[in-house]
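K.L.:
I'll drop the sequence and a predicted model, then ask my questions.
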Amino acid sequence: MTYLRKTRISAVLAMLAVFTASILQATPSFAAHADISQGVLLANASTATPIKHVIVIIGENHTFDNVFGTYQPEHNQTISNLLSKQIVNCAGDLGPQVHLATQQQAIDTHTYSLSPKKTGPYQTLPQPNTTYAQGQPQNVPDTRFPANLPNEPYQITKYVPYLNSYVGDPIHRFYQMWQQQDEGKHDLYTWVHQTAGDDNGAIPPAPIHQGALSMGYYNMCAGDAPDFKFIADNYAISDNYHQPVMGGTGANHIMLGTGDAAYYDDTQGHPLVPPSNQIENPNPKPGTNNNYTQDGYSGGSYSQCADPQQPGVGPILNYLHSLPYKPFRNGACAPGAYYLLNNYLPGYTPGGQLTTSTPFAVPPQTLPTIADSLSAHHISWKYYGQGYNNGNPTTPYFCGICDPFQYVTSIMTTSLKNNIQDYSRFQQDLNQGTLPAVSFIKPDEINDGHPASSSLSLFEAFSSNIVNEVIRKPDVFKSTAVFITFDEGGGYYDSGYIQPLAFFGDGPRVPLLVVSPYTRQGYVDHTYYDHVSVLKFIEKNWRLQPLSKRSLDNLPNPKVKDDNPYKPTNGPAIGDLMRLFDFDHQRADTSLLPY
C-alpha cells in the first residue's frame, strides 16, 4: 500500500473513445449465476479434501525476511531466510555472509533500467526516515535509529520496542520494486528508495523521505512476533510464497480475487487510452539520477505493457524474454490495454454506486472473479472488511482499495454485493454456524500491520484472535484451513528467489501461515507459491475451473529438482498449496495460541 491510503480518493475515470475491440480474455460465463441468492449457496458442498471452510486473512506490507528472517524451524525442517544464509545472526548482528545483502549505489540518468550501472556499495546506510509514522514528526530522519547503520539488514527492535511501535513506510510501487530486485540480485533496495521518488514529475524533485527503511527486519530470536512463531512451530508455513504483482496493495488484492490485472476500459471490457497524466513513465527526469518522470500518488499508474516502446515496458519484457522459459501468455499483456499497476480506488463505492469524485479510480471491471465462480457453483463466500458498515464506512481506516470484488460489475451491481460485509459479521457467522465456505478477512488500517499507520504486532494480535476463535469451535475447526498472509512486501528487503511469471510479477516473498488440523506440525513448505495459489487451492478443493484463459490460475504446479525445491524446472509454475497439508491424518494435538 502507499500514501494513497491517507487521501481516500474516489471517482470514476472519464470515459474516452473505444481504443480497440476487446480481446483481453475469453472467460467462462458467470452472468447467468450473478444474481443467485446467498440463501441457496452451500458451505458444505462436496470437496476434494476434508476442508469445508477456507479463511484468508490479509495483512499489509511485510516481506518474509522482514518477519521470519531469523526464524529457526523445529522438527528437522529447513528454511531459507537471513539467518540460514548467515546474512545475520540470532543476536541481530552481522553474519559471516552479510555480503549477500550488501546494497549498491548506481547511476541511471536517461532510460529506465532494471540493472543500471553500479557505482559501488554504500559505506553506511542512510538514516531511516519517519515518513508519516504515527506519533513521530513527519518526513524527517528518524532519530530513534543511528545515522550510520552498517550496510546490511538491521534489527528494527534494537531501536524501538516490538509492541505497537510505528516506523516509517518504504516506497513500494511497481517500477521501483522491479528495479530494486536488480534482476535477482536484490541489491538496489536502498538506492531505489533514495532516488526513484513519488513526486510525479516535480522539478526540482521533491525530497524522497526514505533512508534505509527497506533494510529493517524483526527478530524472532529476540522474541519478536511470538504468535506467528507459535503458528510456525505448531502448524505450517511457506518460505517460498510471493506477492503476485510488483508494487502495492490495489493490484495485489485484485490479483488475489481474479488471477488477473485491471485495465482502463469503457466499463464493458473494451480498452481505452487513459489521460496522459495517468500513464506511467519511469524514465529519469533530465538532470536527475533515477528520479522518475511520472510516477506519483495522484497519477502515473497505467502502462500499455504489450508495447515495448512504452516507457518502462521494454526493459521488463526484454528481461522476461531472456529467461530460460517463456513468460505466461508472452507477458500477459493484451494489445492496446493500459493496465493498472499501482493504487487507485475501485470504480464502485463500498455501497455499490459509481465512484465519481476523482479521476483517480479504475473504471468498473468485467474480470471474472473467484466470487463469481463460487456463486455459479452454489458455493458460499463472503468478504469481511473491518469498518465496512453495510457499505457506509464510518471510519477513515476502512481500506477502500483492498476488496477485489468491489472493482467488478458482476459483483457490485447484483445481489452478490450483499456478500461483502463488516468484519463483525464474521464473528456472528462463526458463532451462529453460518460461516461460508470461503471467507476473505481484511482488517482496517489500524490493525493491518502496514508500516507507519499500523504495526506488525497489531496485525499479529488481530490474526491470533481469529485463529483462537476458530480453534475454540471444534465442529468448525475440524474442517477449516486458515491462511494468514500479507498483500505485498511493502518495499522491505527479502533475500528469496523470485520467479518472473509475466509483466506484472511475481514480486518478493511474503509470509504465508496455515492453521488447520490437517497441517503437518512445524512444516516449512518450499514449493513455489503466490496469491494466485489461494485461487488454485479453492478451485481444486471445490473442483472449479480456472477463472479465464488468461488468469494465472492456469499455470501448472511446480516440478523441482531434489537439490533445489525453491525453483520450478517447468516455469512459469505456481503451486496449489496442497503440499502444506496431510489430509490422511487429522491431528488431535491442535493448540490455541498462548496470547
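P.N.:
In hand now; what should we look at? Remember, it's a predicted structure, so these values are computed and weren't measured experimentally. Residues are numbered from 1 along each chain as shown.
K.L.:
which ones are touching the residue nearest to Tyr217 when sequence neighbours are not counted?
P.N.:
Nearest non-adjacent residue to Tyr217, counting by C-beta to C-beta, 6 or more residues apart in numbering: Gly69, 4.3 Å away. In this view, the C-beta of every residue, glycine as well, is placed from N, C-alpha and C. Counting by C-beta atoms under 8 Å, 6 or more residues apart in numbering, Gly69 touches 81-83, 88, 153, 217-220.
K.L.:
how about Asp422?
P.N.:
Here Asp422 is in contact with 384-390 (C-beta under 8 Å, 6+ apart).
K.L.:
and stretch 426-438, average pLDDT?
P.N.:
The average pLDDT within stretch 426-438 is 97.
K.L.:
okay, now that stretch: how far is its last residue from its first?
P.N.:
Distance across stretch 426-438, first residue to last, is 11 Å (C-alpha to C-alpha, to the nearest Å).
K.L.:
and for stretch 121-139?
P.N.:
Start-to-end span of stretch 121-139 (C-alpha to C-alpha) is 25 Å.
K.L.:
out of the contacts of Asp422, which is nearest to Ser516?
P.N.:
Closest approach to Ser516 among the contacts of Asp422 (C-beta to C-beta): Tyr384, at 19.1 Å.
K.L.:
chain neighbours aside, what residue packs nearest to that closest one?
P.N.:
Phe426 (4.2 Å).
K.L.:
if I've got this straight, that neighbour is in a strand?
P.N.:
No - under DSSP: H, G, I helix; E, B strand; the rest coil, Phe426 sits outside any strand and is assigned helix.
K.L.:
can I assume it is in contact with Gly385?
P.N.:
No - counting by C-beta atoms under 8 Å, Phe426 does not reach Gly385; the two are 9.8 Å apart.
K.L.:
contacting residues around Tyr162?
P.N.:
Contacts of Tyr162 (C-beta under 8 Å, 6+ apart): 218, 223-225, 456-457.
K.L.:
residues near the closest residue to Pro594 other than its chain neighbours, how many?
P.N.:
Residue nearest to Pro594 in three dimensions, not counting chain neighbours: Phe230, with 6.6 Å by C-beta to C-beta, 6+ apart. Other residues near Phe230 number 18, with proximity taken as other C-beta atoms under 10 Å.
K.L.:
check Phe64 too.
P.N.:
30.
K.L.:
tell me the backbone dihedrals of it, please.
P.N.:
As for Phe64, its main-chain torsions (degrees, to the nearest 10) stand at phi -60, psi -50.
K.L.:
could you check how far it is from Val524?
P.N.:
For Phe64, the distance to Val524 (C-beta to C-beta, to the nearest Å) stands at 11 Å.
K.L.:
what's the overlap in contacts for the two?
P.N.:
Joint contacts of Phe64 and Val524 (C-beta under 8 Å, 6+ apart) are Asp239.
K.L.:
before we move on, back to that, mind checking pLDDT for the residue nearest to Pro594?
P.N.:
At Phe230, the model reports a pLDDT of 98.
K.L.:
wouldn't it be in contact with Leu593 here?
P.N.:
Yes - taking contacts as C-beta under 8 Å, Phe230 lies within contact range of Leu593: 5.5 Å.
K.L.:
scan the contacts of Tyr162 and report the most crowded one.
P.N.:
Leu456 (28 neighbours).
K.L.:
close enough to count as contact, it and Val67?
P.N.:
Yes - the pair Leu456 and Val67 passes the contact test of C-beta under 8 Å, sitting 6.7 Å apart.
K.L.:
name the residues contacting each of the two.
P.N.:
Joint contacts of Leu456 and Val67 (C-beta under 8 Å, 6+ apart) are 218, 225.
K.L.:
what packs against whichever helix or strand Phe537 is part of?
P.N.:
Element membership of Phe537, judged by DSSP states H and E, is helix 532-541. Using 3 or more C-beta pairs under 8 Å, 6 or more residues apart in numbering; DSSP states H and E as the contact test, the elements touching helix 532-541 are strand 53-59, helix 249-258, helix 370-376.
K.L.:
got the contact list for that helix?
P.N.:
Here helix 532-541 makes contact (C-beta under 8 Å, 6+ apart) with 47-49, 51, 54, 56, 241, 244, 255-256, 259, 370, 373-374, 438, 483, 485, 544-547, 551-553, 555, 574-578.
K.L.:
state the mean pLDDT of it.
P.N.:
Helix 532-541 comes out at a mean pLDDT of 99.
K.L.:
likewise for stretch 402-416?
P.N.:
98.
K.L.:
gap between that stretch and the chain center?
P.N.:
Distance of stretch 402-416 from the chain centroid (C-alpha atoms, centre = their mean, to the nearest Å) equals 20 Å.
K.L.:
give the buried residues for it.
P.N.:
402-412, 414, 416 (16 or more other C-beta atoms under 10 Å).
K.L.:
from these, which two are the most distant?
P.N.:
Across those, no pair lies farther apart than Cys402 and Thr414, at 20.5 Å, counting by C-beta to C-beta.
K.L.:
mind jotting down where the strands sit in the stretch 51-200 of the chain?
P.N.:
53-59, 104-107, 117-121, 154-155 (DSSP state E, counting those that start in this stretch).
K.L.:
can you check the stretch 301-450 of the chain too?
P.N.:
With strands called from DSSP E, counting those that start in this stretch, the stretch 301-450 of the chain shows them at 302-303, 339-340, 381-385, 420-422, 438-442.
K.L.:
output those in JSON lines; the columns should cover distance to Val534.
P.N.:
What follows is the strands of the stretch 301-450 of the chain, written out as JSON lines (distance: least, C-beta to C-beta, whole Å):
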{"stretch": "strand 302-303", "distance to Val534": "26"}
{"stretch": "strand 339-340", "distance to Val534": "20"}
{"stretch": "strand 381-385", "distance to Val534": "12"}
{"stretch": "strand 420-422", "distance to Val534": "18"}
{"stretch": "strand 438-442", "distance to Val534": "9"}
